[in-house]
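Chemist: Provided below are the primary sequence and the corresponding predicted coordinates.
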Amino acid sequence: MIWDLFLQKTLRQGDSRFDLDVSVRSPAQRVVLFGPSGAGKTLTLKMVAGILVPDRGRVAVDGRVLFDSERGVRSTAQQRHLAYMFQDYALFPHLTVRQNVAFALRQGLRNPARDEANAEVDRWLASFGLNAVAGHHPHQISGGQRQRTALARALVSRPTALLLDEPFAALDKGLRQRLRDELKDLQAELQLPLLLITHDDDDVRHLAQEVVCVDAGRTVTCGGALEDR
């Protein structure tokens, strides 16, 4: 079993309350959580990553138990060694493309030097076609290049799985399709477990080996249009 997730959490703000109760058990390497905005998908992903702590549940990825409330297992986000790519990519605007990628390998609080040599950074810059813009800052490159920079940063530390939050939402339609294909090919090459969240059914059709639908904080039966993809 690659994905074994059971997550429960209650969030309160004023008089409002949101209850999340999501279960995913799948042997598929590429799993897509599909549902509308506000369904609890990002909340789920952050609990898998260790950014948020469930009230109760279990997180096991590819046989590694990362969180289990009953057994008292609670790995930190760093100990989980899962790569998390935020929807807005979360690139540092004051760092170059190379520095952003190298940041994932940093030790201590200092930013990587602009010309710091690192074979792993060089590998992923080359793999994503970023050598020509390695010295540019995020505002100087295209949306597709920003996404590739974020993916390179996610992969440079050799994570055990990749978590993606709406990775194509900010891109135009043509670029979305091209980058879906690139991501699918990359995942197949690396054989890296991938958990992706989206509200775009095109992402489901092109990337999902298994789709899990989420609505109002619950896993629900997917509609016929997705089941027939």
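Modeler: Structure's in. What do you need? Numbering: from 1, shown residues only.

Chemist: in the chain, which spans are helices?
Modeler: Taking DSSP state H as the criterion, the chain contains helices spanning 41-49, 77-80, 97-103, 119-127, 143-155, 173-190, 201-207, 224-227.

Chemist: closest to Leu5 out of these?
Modeler: When these are ranked by distance to Leu5, counting by Cβ to Cβ, first place goes to helix 41-49 at 6.4 Å. Where C-beta positions appear, they are placed from N, C-alpha and C, glycine not excepted.

Chemist: which residues does the spatially closest residue to Gln209 that is not a sequence neighbour contact?
Modeler: In space, and not counting its chain neighbours, Gln209 is closest to Ala28: 3.8 Å by Cβ to Cβ, 6 or more residues apart in numbering. With contacts defined as Cβ atoms under 8 Å, 6 or more residues apart in numbering, the neighbours of Ala28 are 2-3, 208-210.

Chemist: between the helices of the chain, which gets the lowest average pLDDT?
Modeler: Looking at the helices of the chain, the lowest mean pLDDT belongs to helix 224-227 (a mean of 47).

Chemist: Now do the closest residue to Gln99 other than its chain neighbours: how many residues are near it, please.
Modeler: By the measure of Cβ to Cβ, 6+ apart, the closest residue to Gln99 outside its immediate chain neighbours is Pro112, 4.8 Å from it. Under the neighbour criterion other Cβ atoms under 10 Å, Pro112 is assigned a count of 19.

Chemist: now swap in Phe18 and tell me
Modeler: If you count neighbours by other Cβ under 10 Å, Phe18 ends up with 14.

Chemist: any idea how far Leu52 is from the nearest residue to it once chain neighbours are set aside?
Modeler: Spatial nearest neighbour of Phe18, chain neighbours left out: Leu11 (4.6 Å); criterion: Cβ to Cβ, 6+ apart. Spatial separation of Leu11 from Leu52 under the definition Cβ to Cβ, to the nearest Å is 9 Å.

Chemist: Now do the contacts for the closest residue to Ala208 other than its chain neighbours.
Modeler: Distances taken as Cβ to Cβ, 6+ apart put Val32 closest to Ala208, at 3.9 Å, once the chain neighbours are dropped. The neighbours of Val32, taking Cβ under 8 Å, 6+ apart as the test, are 195-198, 203-204, 207-208, 210-212.

Chemist: quick one: pLDDT of Val32?
Modeler: With respect to pLDDT, Val32 has a value of 97.

Chemist: Gly223 too?
Modeler: You'll see Gly223 listed with a pLDDT of 66.

Chemist: and what of Pro167?
Modeler: According to the prediction, Pro167 has pLDDT 89.

Chemist: Burial check on the residue nearest to it when sequence neighbours are not counted, number of neighbours?
Modeler: Nearest in space to Pro167, with sequence neighbours left out and distances taken as Cβ to Cβ, 6+ apart, is Met85 at 6.0 Å. Neighbourhood size, Met85 [other Cβ under 10 Å]: 21.

Chemist: what do you get for Asp68?
Modeler: 16.
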